[in-house]
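# Give me the fold of what follows.
(chains A and B)
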Protein chains: 2
Amino acid sequence: MELIKQLNWRYATKRMNGTAVPAEKVNLIKEAIRLAPTSFGLQAFQVLEIEDKAIRDRIFNEACQQPQIKEGSTVLVFAANKKVTAEMVDTYMNNIAATRGIPVDALAGFRAAFDGAVAGTEQENLAWNARQTYIALGVGLTAAAALEVDATPMEGFNPAALDEILGLADKNLASVTILVLGYRDAEADGLAAAAKVRKSADDLFVKY
Amino acid sequence: MELIKQLNWRYATKRMNGTAVPAEKVNLIKEAIRLAPTSFGLQAFQVLEIEDKAIRDRIFNEACQQPQIKEGSTVLVFAANKKVTAEMVDTYMNNIAATRGIPVDALAGFRAAFDGAVAGTEQENLAWNARQTYIALGVGLTAAAALEVDATPMEGFNPAALDEILGLADKNLASVTILVLGYRDAEADGLAAAAKVRKSADDLFVKY
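The predicted structure follows:
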């Protein structure tokens, strides 16, 4: 299966060579992220594409100066909604009704499934929403590998500083992870030729 | 791109028809899950494959009696490690050293990157590890779609009850999510023909 070959090919690239990823490939990776499933389909996150060089430099300084932030072609910051609000749920119900050509009232039962989340705390909501963004991250990483685009997922940054730089506090968002897209610099990156290390199937999977 | 077509084809299947997914396809999906990236590559989770009918029935009752648990072909419970232990990190370092043919002492710097996690609380560790399992879930869902295997990710279950049923408490594991693999019953499943609902690209992506 081609996908297994591609997943073996990919690795968390440490050094990139500055080559631009063609817009068509970036758009396909973004489309895969958009199509990723999330709990109840709510998609309680946004993806911030950082093109501004000055902002990227500031993120670089708040992300342990990881070189991919500068050497990569596309920098995507995944930001999860801190709170699930009634307005978000309303917007989603309206989107379902419009997409499927049904009255929004027909969704009352489904809408009630969000009551617990809307009544929940910001801490509970953010934990739930953050997990969903990781599904999208996984789908995006797989799509990048399928397109032979290198990618680095990153958690090594100061989230509070990024939220400040990107003005997320007022937008009900919190930065959760970064995905850099680009092309590996195999000469500079000692890990480019290293064998992939994973648990054996016997260690990872247990039959019941 | 084929993958975009496949991601549009997939949906969170509500009813399955009981047809078995061929072992070859199940193994490819498991291999994709095994290859999924995780923070520092630690893979602080296990995937429990539930074949025993009696156990599956008990999970069904603790998972809101969602029919896919019985109608699906393969039921995978993703369980995250509750605590990052020094032993886990040692095992991982030994695996890197053996896989890459380097002395384990050469990894002292990398090993130190785990000091914070090992010193962290169970609550912090589990939150971190759970997020990583969602990357693997996203990769697994994408692989299933690529193989035209239907899949349902589930959070709607009683995690404490599952931990009890599967005896996870003593194994430093906590159930986080379920992935059912099978084939859609398009007649019984009202959502099989429904249009996919997603945020528009303009709503999901923001340029900076």
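# going forward, measure contacts and count neighbours with C-alpha atoms only.
Noted.
# residues in contact with the helix or strand where residue A:91 lies?
Using DSSP states H and E, residue A:91 sits in helix A:86-100. Contacts with helix A:86-100, where a contact means CA atoms under 8 Å, 6 or more residues apart in numbering or on different chains, come from A:42, A:102-104, A:107, A:111, A:114, A:118, B:194-199.
# Report the buried members of the residues you listed.
The neighbour count (16 or more other CA atoms under 10 Å in any protein chain shown) marks A:42, A:111, A:114, A:118, B:196-199 as buried among these.
# among those, which two are most distant?
A:118 and B:196 (23.5 Å; CA to CA).
# Once you drop chain neighbours, what's closest to residue A:156?
Of all residues not flanking residue A:156 in the chain, residue A:63 sits nearest, at 5.8 Å (CA to CA, 6 or more residues apart in numbering or on different chains).
# show me what contacts the spatially most central residue of chain A?
Nearest to the mean C-alpha position of chain A, by CA atoms, centre = their mean, lies residue A:137 at 3.7 Å. By CA under 8 Å, 6+ apart, the contact list for residue A:137 reads A:33, A:153, A:179, B:135, B:138.
# can you give me the end-to-end distance of stretch A:191-205?
Terminal residues of stretch A:191-205 lie 27 Å apart, using CA to CA, to the nearest Å.
# Which strand runs longest in chain A?
Counting residues, the longest strand found in chain A (DSSP state E) is strand A:173-182.
# Paired strands for it, with orientation please.
Counting by DSSP bridges, the strands paired with strand A:173-182 are strand A:74-81 (antiparallel), strand A:150-154 (antiparallel).
# Would you mark the buried spots in the lengthiest helix in chain A?
Assignment by DSSP state H gives helix A:122-146 as the longest helix of chain A. For helix A:122-146, burial by neighbour count (16+ other CA under 10 Å) applies to A:122, A:125-146.
# any idea how far stretch A:149-166 is from the chain center?
Distance, stretch centre to chain centre, for stretch A:149-166: 10 Å (CA atoms, centre = their mean, to the nearest Å).
# Using CSV, write out every CA atom in that stretch.
Extracted C-alpha coordinates of stretch A:149-166, given in CSV (Å, rounded to 0.1, in the frame of the first residue of the first chain):
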residue,chain,number,x,y,z
VAL,A,149,5.9,17.2,1.3
ASP,A,150,7.9,17.2,4.5
ALA,A,151,6.2,18.2,7.7
THR,A,152,7.1,18.9,11.3
PRO,A,153,4.5,18.9,14.0
MET,A,154,5.6,21.0,17.0
GLU,A,155,4.5,21.4,20.6
GLY,A,156,7.8,23.0,21.7
PHE,A,157,6.6,26.6,21.9
ASN,A,158,5.3,29.0,24.5
PRO,A,159,1.5,28.9,23.9
ALA,A,160,0.8,32.0,26.0
ALA,A,161,3.3,34.0,23.9
LEU,A,162,1.9,32.8,20.6
ASP,A,163,-1.6,33.6,21.8
GLU,A,164,-0.4,37.2,22.5
ILE,A,165,1.5,37.5,19.2
LEU,A,166,-1.5,36.3,17.2
